[in-house]
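J.: what shape does this take:
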Amino acid sequence: MSKDINCLNFKGLFTFLEKRYGSGGVSTVVNGLVDNPSYLIHDLTDPSKITPIRKDQIVDIDYWVSNEFSLKLLHNVNKVVKADNPLFDAGRGAVRESLSKHALFIGKLFGPVFLAKQATKINSRFNRTKQVFYKKLNGKELAFELRYYPQFEVTKDICNWNLGIYTELLHSSGVKDIHAEEVKCLLNGDEYCEFHLAWKKSGIVSRLVKSIGIWQVKKEVRDVIEEYEGSLRERDRLINELTGSEDKYRSLFENTATANAMIESDLTITLVNSEFEKLVGHEKAEIENKWNFKTIIRPSDFMKVNTHLSEEKTNNPHFSQNLEFHLIAKNGSEKDVICKVGRIPKSSKIIASMIDVTEMKRTEREKIELKSKLVRSEKMEALGLLAGGVAHDLNNVLSGIVSYPELLLLDLPEDSHLRKPIQTIKDSGIKASAIVQDLLTLARRDVAVKEITNFNDVISDYLNSPEYDKMISFHPGVVLEFECEKDLFNILGIPFNLNKAIMNLVTNAAEAIKGEGIIHIITKNGYLENPISGYDKFREGEYISVQVSDSGVGIPKKDIERIFEPFYSKKIMGRSGTGLGMTVVWGTVNDHDGHIDVVSEEGKGTTFNLLFPATRKGLKKKKPSASLMDIMGNGESVLVVDDVHEQRDLASSILKRLGYNVCVASTGEEAVELVKSGRKIDLIILDMIMLPGMDGLETYKQIREFRPTQKAIIVSGFSETGRVKNAQELGAGAYVKKPYLLDRIGSAVKEELRK
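T.: Numbering: from 1, shown residues only. The predicted structure follows:
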């Protein structure tokens, strides 16, 4: 038989057709396909037997139908479904009828990104025709490829059917205004089919608070328990009525939705139903009259279970308390179960009815973890607002502290007694600028351009830096050992931020060691077979690991969940520094789409393991630093546009020192009028943030309307933003981050004028 498509949705499809069009709709779709000798299938009850496909086998997820059969069945859907796009409509309907109440609840709790990530799992379980690869996945849009196996035939019906399925999966998560389209298709000669889906963004807070709130989580759990309780009450009523009817009793025992076991007074299990077999993973023949109930209960839970099964408890008519304990399955895994017991009248036999609540418990734990992450994100967002509010003004202040000393040093003789204090002022300004950089990093506002980076180089640069020498001098008993993978994969990263992360981890390790001890840094290549659960960004594939471990005092369990919070380490754990070090590590790892694990034991030490997605791209050759002569101008005209007087003067002084003719404007509006006047301006230096008037992007847009070839570069106290990139897309050149430094601004101006 040939490769085939998702049988699960055929079951949902038939339910959808029957509800909307009656049994005649289903008959039309399967007409000429079932009980047809042209379409054969293996009988699961007797694999050696091949028979024509029956209607019941189409909707059985254990059977797989052929490619040709699937295509004809889907083609027949066009004859039944009344819609502009019948297969799209049918795909949506099939999903609606397939998703359980539990699945809908989980989808709304975790949102569209969670549901979309499950598509790969779902596809691999119920599909043998294609593989799913994501190209883009975030809170408001999804783009992915469907790569079909060579022997599988694709039709437009298949494409529309799949697009309907994915659209409804997203819709079930509670998002609205979904726009779905197929932008590439095998039928158009493309290498694969590509789907784009976009929707109105629904944040995690709004889903938790407005859509399904925490109280609804409790309500969902309550509904499940109430449904279970109702089933048990009905069971007890029927047991009393049917005590004398062995056949009816066995039927009731076997066909309830709970896992049932009959237990003797010595706890021997004498009878179980099929649900109990599924629960423990063993067959009846292995269990009945051979097992003691004690053997499948976690030892630490047995005492309370044994008390619960006592005759005094089970004979009490008012006794209805549910018992929770851990059951040990065949594969050794433990399952959380809720159990209720009842004694058969006039006998010593006990009926124990159980439901598996392992997934429910896991969901509750994830809900708590989600709430914790939400609180942490809110703290980071608050800090981001603080950093964003001060960064621009602070960088303007720092520009004078850094740049004017640089100009003074150019004019001072080498033997001047003023050189040392002026150099100290400059160095202090650079250090203050680095603190602002830390704030932006931990506030997730630093989105500087990433480059191909090798982590061995990052670590080596730090270990050879004055900062490391100074830090290690405070800890003479500490020895650092660096074991690096010889051919470590590269990553896409920001070397400065990665350097700061390593510096903070090593400093943290050294401070944790009292007296003598060892710090190990190990880098390795690796391959991740399965995505890390709960971390959307880190997917299957090649990665590098950076492990920093110490033999220090370790971190108490009560603190380990909070070590990445801003200022927590300083206030609670008494560490030195600003209290931002570990938060900077957390922000840097997240900004690089990475993952961080922490393992610590008090008295034995701590290990931080950082994972980063790898790239096979090679390192770019570093450009040598430009000399002063390399960045000197030739009298070109430069317009400086900045709303801060001190910044205009500073930029003018630097550019005049480099040999440029400089004019200034204090607002975007003034700059537009100056260019309109016809004055010759070879290059404009535009401050991106200018309040309260036009910003740099709007100013450049207006100038480009009447002078489309005007050259410009962008400066800002913030990190590179979307508006900076928009200006560059219009034609602006380099982005230069404040504070102004002579070599930075000089190189950027020279480079842009050469174009």
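J.: so what's the residue count around residue 628?
T.: Using other CB atoms under 10 Å, residue 628 is surrounded by 12 other residues. Quick note: C-beta positions are derived from backbone N, CA and C, even for glycine.
J.: distance check, it against residue 553.
T.: For residue 628, the distance to residue 553 equals 50 Å [CB to CB, to the nearest Å].
J.: how about residue 289?
T.: Distance, residue 289 to residue 553, by CB to CB: 56 Å.
J.: who has more neighbours out of these two?
T.: More crowded of residue 289 and residue 553, by other CB under 10 Å: residue 553, with 17 against 10.
J.: just the element for the more buried one, please.
T.: With secondary structure defined by DSSP states H and E, residue 553 is part of neither a helix nor a strand.
J.: and if you look at residue 335?
T.: Element membership for residue 335, per DSSP H and E: strand 334-343.
J.: and that strand, which residues are buried?
T.: By neighbour count on 16 or more other CB atoms under 10 Å, the buried set for strand 334-343 is 335-343.
J.: partner strands of it and their direction?
T.: Note on strand 334-343: by DSSP bridges, its sheet partners are strand 323-328 (antiparallel), strand 350-356 (antiparallel).
J.: which of those sits most buried?
T.: Stretch with highest mean neighbour count among the strands paired with strand 334-343: strand 350-356 (a mean of 22; mean count of other CB atoms under 10 Å).
J.: and that one, how far out from the chain's middle?
T.: Taking CA atoms, centre = their mean, to the nearest Å, one finds strand 350-356 lying 38 Å from the centre of the chain it belongs to.
J.: give me the contacts around that strand.
T.: Residues outside strand 350-356 that contact it (CB atoms under 8 Å, 6 or more residues apart in numbering): 228, 232, 235, 239, 253, 256, 258-265, 276, 279, 293, 309, 314, 327, 335-344.
J.: what do you get if the cut-off is 6 Å, keeping everything else the same?
T.: Strand 350-356 is contacted by residues 228, 232, 258-263, 279, 314, 335, 337-343 when judged by CB atoms under 6 Å, 6 or more residues apart in numbering.
J.: let me see the contact set for residue 33.
T.: By CB under 6 Å, 6+ apart, residue 33 lies in contact with residue 73.
J.: secondary structure of it: a helix, I assume?
T.: No. If the criterion is DSSP: H, G, I helix; E, B strand; the rest coil, then residue 33 is coil and not within a helix.
J.: averaged pLDDT, stretch 503-521. What do you get?
T.: Throughout stretch 503-521, pLDDT has a mean value of 92.
J.: so residue 154 makes contact with residue 188?
T.: No. With contact defined as CB atoms under 6 Å, residue 154 does not reach residue 188; the gap is 10.9 Å.
J.: more neighbours, the two?
T.: Comparing residue 154 with residue 188 by other CB under 10 Å, the one with more neighbours is residue 154, at 19 against 9.
J.: contacting residues for the more buried one?
T.: Residues in contact with residue 154 (CB under 6 Å, 6+ apart) are 148, 186.
J.: helix/strand/coil for it?
T.: coil.
J.: roughly how far apart are it and residue 196?
T.: Distance from residue 154 to residue 196, by CB to CB: 18 Å.
J.: repeat that for residue 365.
T.: Separation of residue 365 from residue 196 (CB to CB) stands at 34 Å.
J.: so between these two, which is more surrounded?
T.: Neighbours per residue (other CB under 10 Å) separate residue 365 from residue 196, with residue 196 holding more: 17 against 10.
J.: which SS class is that one?
T.: strand.
J.: what's the distance between it and residue 17?
T.: According to CB to CB, residue 196 stands 28 Å off from residue 17.
J.: cool, and residue 654?
T.: 74 Å.
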